[in-house]
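> Sequence and predicted structure are below.
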Amino acid sequence: MSQGEQILHIGFNQDTGCFACGTSNGFRVYNCDPFKETFTRGFNNGGIGIVEMLFRCNVIALVGGGPAPKYPPTKVMIWDDHQGKCIGELSFRSQVRAVRLRRDRIVVALEHKVLVYNFADLKLLHQIETLANPRGLVAVSSAAESTVLACPGLHIGQVRIELYDRRQTKFISAHNNALSCLSLSLEGKRLATASEKGTLVRVWNTADGQLLQELRRGADPAAIYSLALSRTCDWLAVSSDKGTVHVFALSENVHTGQDEVARPPSAGGVDAGVAAGANGDASFSGRTNPTSIFSMVKGLVPSIALPKYFTSEWSFVQFRLHPDDAALRSIVGFGPTPNTLLVVTAGGSFYKASFDPNKGGQAQQEAYIRLIEQPDTAAPV
């Protein structure tokens, strides 16, 4: 990638097998493991602000972006890479904030709406009103056997979940502050959320809206850039503007490889108490996230009401990005090889790291590759 080419967007495909970069000159697709640039499409200085892949399919959703957009930022263009041209488009009156694809659906997030289209004929199937959503927060399950969508509701910190197979809608009061990030598991059974405060990440059961686990990224506020659940929800990865990727061991009742455990309903708001499985419950295979030393006092003297901070679960694994990448927007995912992390930054850095699933601690960098040499021109994604 040439030094003058600016990265406008980075995004993994649904199984984290590859990722795409939208640039000021077109878009590029890379394979993750082994790392390789799969293909590049140049548009003669036409910028692409959003690139959404559908696994490794030849059909890709594009939205123009940058100072000289190839397409209007108010349109979603359906690009067929076999034909080398657009085969369809969706037009809107406001800027497209995000696009998500399934084999049967196209989901578009605007500032105040989320719209769901049938992929085959681009027919509008569902329109959802949301709170102001400048980040384009929306997630959709990828597995063919279930269709679940998550997006902001109409109240601060609220998530709306559409269980299309059941024809049900659930609302979760996920955080007291505005949402900053959300992510669904592949089959849509689990939802991870973070707020603008960025200190806590919560994991939810989408079927009944129950809180399954609460995790602490840190004590200081942070901008959460990316959340990723592993394939069977045994791990959760978090990237932020602090420059450290945190990986948490998820408890047995979160793990989707096990039968779900029935939970009693909560007796209040988001802080009414974490459902069983959080706060030190042993995760499957005996892995447990570390807690503060002060949490031992709670075990010795149960009547003492410790502040929540002292009983929080902290990350099991940490991976530190290079200083130049620390504050840049990043995306995180789990690689096809067990116990590996993949991180891509808006500055054009690709990382692969491995971690010990039993001991945790610092992850080991396995690969570091620069996609583009642009010391001062990395743009927010």
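Happy to help now that I have it.
> ranges for the helices of the protein?
When secondary structure is read from DSSP state H, the chain shows helices at 295-300.
> where does it have low pLDDT?
Flagging of the chain using pLDDT under 70 yields the residue ranges 1-3, 256-286, 289-311, 373-381.
> In it, which residue is most central in space?
To find the centre residue of the chain, average its C-alpha atoms and take the closest one (CA atoms, centre = their mean): that gives Leu227, at 3.9 Å.
> Return the residues in contact with it.
Under the criterion of CB atoms under 8 Å, 6 or more residues apart in numbering, the contact list for Leu227 reads 181-183, 192-194, 201, 236-238, 332. No exception for glycine: its C-beta is placed from N, CA and C like everyone else's.
> repeat for Leu163
When contacts are counted by CB under 8 Å, 6+ apart, Leu163 is found next to 148, 169-170, 188, 206-207.
> Buried ones only from those residues, please, as a PyMOL command.
Typed into PyMOL, the line below selects the buried ones among the contacts of Leu163, using 16 or more other CB atoms under 10 Å:
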select buried, resi 148+170+188+206+207
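> So which of the contacts of Leu163 are in strands?
Using DSSP state E, 148, 169-170 are the members of the contacts of Leu163 that sit in strands.
> Tell me the one of the residues you listed nearest Phe316?
When these are compared for distance to Phe316 (CB to CB), Val148 wins out at 26.6 Å.
> Surely that closest one is in contact with Ile161?
Yes. When contacts are counted by CB atoms under 8 Å, Val148 is listed as touching Ile161 (6.7 Å).
> shared neighbours of those two, which are they?
Common contact partners of Val148 and Ile161 (CB under 8 Å, 6+ apart): Thr206.
> distance of Thr193 from Leu125?
Taken as CB to CB, to the nearest Å, the spacing of Thr193 relative to Leu125 amounts to 25 Å.
> More neighbours: which of the two?
Neighbour comparison, Thr193 and Leu125: the larger count goes to Thr193, with 26 against 13 (by other CB atoms under 10 Å).
> Give me the number of neighbouring residues for the closest residue in space to that one that isn't next to it in sequence.
Once flanking residues are discounted, Thr193 sits nearest to Ala174: 4.4 Å by CB to CB, 6 or more residues apart in numbering. Look at Ala174: counted by other CB under 10 Å, it has 25 neighbours.
> Identify the residues contacting Ala174.
For Ala174, counting by CB under 8 Å, 6+ apart, the contacting residues are 157-159, 193, 195, 202, 204, 270.
> rerun that using 7 Å as the cut-off
Going by CB atoms under 7 Å, 6 or more residues apart in numbering, Ala174 touches 157-159, 193, 202, 270.
> one step back: what's the closest of the ones in strands among the contacts of Leu163 to Asp81?
For these, the closest approach to Asp81 (CB to CB) belongs to Val148, at 28.0 Å.
> Dig out what that closest one forms beta bridges with.
Beta-bridge pairing of Val148 under DSSP bridges involves Leu163.
> For it, list the residues it contacts.
Under the criterion of CB under 7 Å, 6+ apart, the contact partners of Val148 comprise 141, 161-163, 184, 188, 206.
> Of all pairs in the contacts of Leu227, which one spans the longest distance?
For the contacts of Leu227, the maximum inter-member distance is 15.5 Å, found between Thr193 and Val332 (CB to CB).
> How many residues are close by Glu366?
15.
> any idea how far it lies from Val317?
14 Å.
> Then Arg93?
Distance, Arg93 to Val317, by CB to CB: 45 Å.
> Likewise for His112?
Taking CB to CB as the measure, His112 and Val317 are separated by 38 Å.
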